[in-house]
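**Student:** Next come a sequence and a model predicted from it.
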Amino acid sequence: MNSSIKAALRRAHDPCFVQHYFAGVGLDIGVRESDLGASRSLFPRVTRVVPWHGDVAAVPGVEERAFDFVNAGQCLQNVVNPTRTLARWLDLLKPGGYLVLTVPDEDLEEEGKWPSQIDPSRRASFTVCKPASTLPASVNVLDMVRSVAAIAACERISVVRDHHVDNGGARDASGSLAERAIEVVLRKRQVPTPDEFFLVAGRAQNAQACLRECLGAVRTYPYRFDVTRRAALLLQRWNLNAEVETLWGQAVERLPEEWEPKLYQFLHLISAGKIHEGFQLRAERVRPWPWQRRTTAKPPADIPEWTGQPLQGKSIVIWSEFGLGDEIFFLRFAQMLRDQAGAATVTVVCQKLLVGLFEASGEADAVVAVDQTATLPVHDFWVYPHDIPAFLPVELDALPDSVPYLRIPQGMPAFELAGRAGALKVGIAFKGAPTHENDRYRSLPSLSVLDPLFAHRDVEFYSLQKGAGADEAAAYAKRLENFHDVGVATHTMMDTARAIAAMDLVLTVDTSVAHVAGALGKPTWLLLPGYGDWRWHLVREDSPWYPTMRLFRNQAAGGWSEVVTRVNGHLLGLVAARAESADESSTESSTETLGEPSRVLSDQE
């Protein structure tokens, strides 16, 4: 007789189960066919039982607050984080609903042995309360229940030993009928949903009110990464960066097997300016992850990876890792490895589009395309770009004066731009690659978001857009006299750099265009989402990495209008300053001409 049938027969004699716990619509977790559903005649208040077989920890696709009761028999021992799973099951209950679960008792069922002699695949053993358990995977049920006390009241915890006979360690003969389990019944409290918490937090009139609601949400839903992330984003709007750091540290402790809290923890440290500490944490944590780098070329197996070894007189190759913007950003470290670490030779492996531009800049001793790495000479070390700051101390407020570190080769013809010669020339890039994980937030939904800017007829705008958004830019170029599509004429990153060099200003979202413009030392206005990339840090409106860059952060949810209004104000200021400068130049020129009539006359003679 299986354990679920045994439990159903026993519970049918308990009025609490018949009248309260099993009533309405229930979910039976961990079964293909529900024995509880087949025993509905024993529980007359049950209207329907839905069986669930699959990922019992995440229970994907099941709506929250959908069930009157959840039954989970003998499956919690098979998950990595039992407490997190328990919290997930409680999410599925309506307020007032019951979670009924059984787990094997580590003494009655497991007989104090580990790994499990009954099922070696089990990941946890359970006890109600001991001063200390000798089993390495032991979970104290009282601690587990206490951890979800904010969302569930404990109705009962009991050790079920029906028909079990203790024969001094030998399995009793009545094993077919015996239960050797711990049974727990929890009642879901009437608590706000995460959305309700964050609705109040989002309307808070001061930082402390927002913090109070966010911490309430995390206390109520401590095992939900999405709740911690939403809380962190809201707290960052109030510049509560120390509180966010604490939040992520606690999340890592609660969810040790999950990689996302660890990711956000070191990203926050780096964003907050703790460059060396954050990158050291990143290097330590990323190494064992199944991290998917964008490059297809693997570093050479016969060359050791650089992890801080002395580089004096040595050669090192910086290996391609992620996108074009990352490779442009980290090119600066080629010189830093020479100046600060004493490297004799620094080679850069990069995407083919960047080779010509990198070679012309002279920052690296050699530049090799990813598809040409088979011919790479032997080096002493290789390193991924993101690991360099982990082993090369970097102070955010004392960065080397390296910009500009991208350069257009001398003698290369200037990029010809259409439009009026004396007008302010502004480059535009409004979308990044759609495959980027944050593209939904970093890219503008449409070029029309910038329409208020294009109304300035004394400014010439030049689209640098490639790929996504290029068609929209081409349509604008046909419709507006002061809008020009130069993206269609740029085929290499060198072309893009030449076009940017010919402009007065670049207005861009966080994509490779921003890095090209910043590394060239071109005045750049960067449009950022509320939660931006680590290299733009927190709050600040300037960039220590690119001194000619100004940051415009979008703190509003659901649109860019407020950001565009601010940009428009600064653009008006530029246009006015340019007109004033032109007037002064014209006045000075006239004064000089009027002041020298005799010379003019003598020249004519």
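**Tutor:** Structure's in. What do you need? Numbering: from 1, shown residues only.
**Student:** just how off-centre is the helix or strand harbouring residue 337 within its chain?
**Tutor:** In this structure, residue 337 is located in helix 332-339 according to DSSP states H and E. Distance of helix 332-339 from its chain centroid, counting by Cα atoms, centre = their mean, to the nearest Å, is 28 Å.
**Student:** Report the contact partners of the residue nearest the centre of the chain.
**Tutor:** In the chain, the centroid-proximal residue (Cα atoms, centre = their mean) is residue 264; its distance is 6.3 Å. With contacts defined as Cβ atoms under 8 Å, 6 or more residues apart in numbering, residue 264 is in contact with 229, 232, 248, 251. From N, CA and C alone the C-beta is placed, and that goes for glycine too.
**Student:** Just give me the closest of those to residue 105.
**Tutor:** Taking Cβ to Cβ as the measure, residue 251 is the one of these closest to residue 105, at 31.0 Å.
**Student:** In contact with the closest one, which residues?
**Tutor:** 225, 228, 261, 264-265.
**Student:** can you put those in JSON lines and add secondary structure and pLDDT?
**Tutor:** Listed next are these as JSON lines, based on DSSP: H, G, I helix; E, B strand; the rest coil; pLDDT from 0 to 100:
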{"residue": "225", "secondary structure": "helix", "pLDDT": "93"}
{"residue": "228", "secondary structure": "helix", "pLDDT": "96"}
{"residue": "261", "secondary structure": "helix", "pLDDT": "94"}
{"residue": "264", "secondary structure": "helix", "pLDDT": "94"}
{"residue": "265", "secondary structure": "helix", "pLDDT": "96"}
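**Student:** If burial is judged by neighbour count, which of those residues pass?
**Tutor:** For these, burial is judged from neighbour counts taken by 16 or more other Cβ atoms under 10 Å, and it is met by 225, 228, 261, 264-265.
**Student:** would you list these in CSV and tack on distance to residue 509?
**Tutor:** Listed next are these as CSV, based on distance: Cβ to Cβ, whole Å:
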residue, distance to residue 509
225, 27
228, 27
261, 28
264, 22
265, 26
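**Student:** Now for the closest residue to residue 152 other than its chain neighbours: which residues touch it?
**Tutor:** Nearest-residue entry for residue 152: residue 186, 4.1 Å, with adjacent residues in sequence omitted and distances by Cβ to Cβ, 6 or more residues apart in numbering. By Cβ under 8 Å, 6+ apart, the residues touching residue 186 are 90, 98-99, 145, 148, 152-155.
**Student:** Apply the buried test to those residues and list what passes.
**Tutor:** Among the contacts of residue 186, the ones that count as buried by 16+ other Cβ under 10 Å are 90, 98-99, 145, 148, 152.
**Student:** Which of those fall in strands?
**Tutor:** The strands, defined by DSSP state E, take in 98-99, 152 from those.
**Student:** which one of those is nearest residue 63?
**Tutor:** Distances from these to residue 63 were compared by Cβ to Cβ; the smallest belongs to residue 99, at 16.0 Å.
**Student:** Just the residues contacting stretch 556-566, thanks.
**Tutor:** Outside stretch 556-566, the residues within contact range by Cβ under 8 Å, 6+ apart are 202, 444, 449-450, 452-453, 527, 530, 552-555.
**Student:** and with 6 Å instead?
**Tutor:** In this structure, residues lying in contact with stretch 556-566 by Cβ atoms under 6 Å, 6 or more residues apart in numbering are 449, 452, 552, 554.
**Student:** next one: stretch 224-236
**Tutor:** Counting contacts by Cβ under 6 Å, 6+ apart, the residues outside stretch 224-236 that touch it are 194, 198, 201, 210, 214, 217-218, 221, 243-244, 247, 251, 260, 531.
**Student:** what's the helix holding residue 337 packed up against?
**Tutor:** Applying 3 or more Cβ pairs under 6 Å, 6 or more residues apart in numbering; DSSP states H and E, we find helix 332-339 packed against strand 345-350.
**Student:** Pairing partners for the strand it packs on, with directions?
**Tutor:** Using DSSP bridges, strand 345-350 pairs in its sheet with strand 315-318 (parallel), strand 366-369 (parallel).
**Student:** after the first one comes which helix or strand?
**Tutor:** Meaning strand 315-318. If you walk from strand 315-318 toward the C-terminus, the next helix or strand you reach (DSSP H and E) is helix 324-330.
**Student:** chain center to that next one, what's the gap?
**Tutor:** Using Cα atoms, centre = their mean, we find the averaged C-alpha position of helix 324-330 to lie 18 Å away from the chain's own average C-alpha position.
**Student:** contacts for that helix?
**Tutor:** By Cβ under 6 Å, 6+ apart, the residues outside helix 324-330 that reach it are 350, 354, 385, 512, 515, 519.
**Student:** got CSV for those residues, with distance to residue 62 and pLDDT too?
**Tutor:** Below are these laid out as CSV (distance: Cβ to Cβ, whole Å; pLDDT from 0 to 100):
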residue, distance to residue 62, pLDDT
350, 46, 92
354, 47, 93
385, 42, 93
512, 41, 92
515, 43, 96
519, 49, 96
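**Student:** nearest to residue 316, of those?
**Tutor:** Taking Cβ to Cβ as the measure, residue 316 lies nearest residue 385 of the contacts of helix 324-330, at 11.7 Å.
**Student:** got any ranges where the stretch 101-250 of the chain has weak pLDDT?
**Tutor:** Counting by pLDDT under 70, the stretch 101-250 of the chain contains low-confidence residues at 133, 162-177.
**Student:** if we can go back for a sec, torsion angles phi and psi at the residue nearest to residue 152?
**Tutor:** With angles defined as degrees, to the nearest 10, residue 186 shows backbone torsions of phi -120, psi 140.
**Student:** Can we start the residue count at 43 from this point?
**Tutor:** Got it, first residue is 43 now, which makes that one residue 228.
**Student:** between the helix holding residue 379 and strand 387-392, how many degrees?
**Tutor:** Orientation of helix 374-381 against strand 387-392 (axes from the mean of the first three to the mean of the last three Cα atoms, to 10 degrees) gives an angle of 170 degrees.
**Student:** Show me which residues of helix 374-381 are buried.
**Tutor:** For helix 374-381, a neighbour-count test (16+ other Cβ under 10 Å) marks 374-380 as buried.
**Student:** Out of those, which comes closest to residue 297?
**Tutor:** For residue 297, the closest of these turns out to be residue 375, at 32.7 Å, with distances computed as Cβ to Cβ.
**Student:** Now do the domain split for the protein, please.
**Tutor:** The record, using automatic domain parsing to delimit domains, assigns the chain the ranges 45-230, 236-328, 357-440, 466-610.
**Student:** Let me have these in a markdown table, adding distance to residue 446 as columns.
**Tutor:** Rendered in a markdown table, the data for those read as follows (distance: least, Cβ to Cβ, whole Å):
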| stretch | distance to residue 446 |
| --- | --- |
| domain 45-230 | 49 |
| domain 236-328 | 22 |
| domain 357-440 | 9 |
| domain 466-610 | 4 |
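**Student:** now the contacts of stretch 598-608: which count as buried?
**Tutor:** Applying a neighbour-count criterion of 16+ other Cβ under 10 Å, the buried members of those are 491, 594, 596.
**Student:** Which of those residues fall in strands?
**Tutor:** Among the buried ones among the contacts of stretch 598-608, the subset assigned to strands under DSSP E consists of residue 594.
**Student:** ok so, going back, tell me which of the strands paired with strand 387-392 sits most buried.
**Tutor:** With neighbours defined by mean count of other Cβ atoms under 10 Å, none of these is more surrounded on average than strand 357-360, at a mean of 24.
**Student:** now, the most widely separated pair of the contacts of stretch 598-608?
**Tutor:** For the contacts of stretch 598-608, with distances taken as Cβ to Cβ, the pair at the greatest spread is 494 and 596 (15.2 Å).
**Student:** shouldn't residue 239 be in contact with residue 257?
**Tutor:** No. If you go by Cβ atoms under 6 Å, residue 239 and residue 257 don't touch, sitting 9.6 Å apart.
**Student:** For those two, indicate the residue with more neighbours.
**Tutor:** Remark: of residue 239 and residue 257, residue 239 carries more neighbours, 24 against 17, as counted by other Cβ atoms under 10 Å.
**Student:** contacting residues around that one?
**Tutor:** Under the criterion of Cβ under 6 Å, 6+ apart, the contact partners of residue 239 comprise 255, 258-259.
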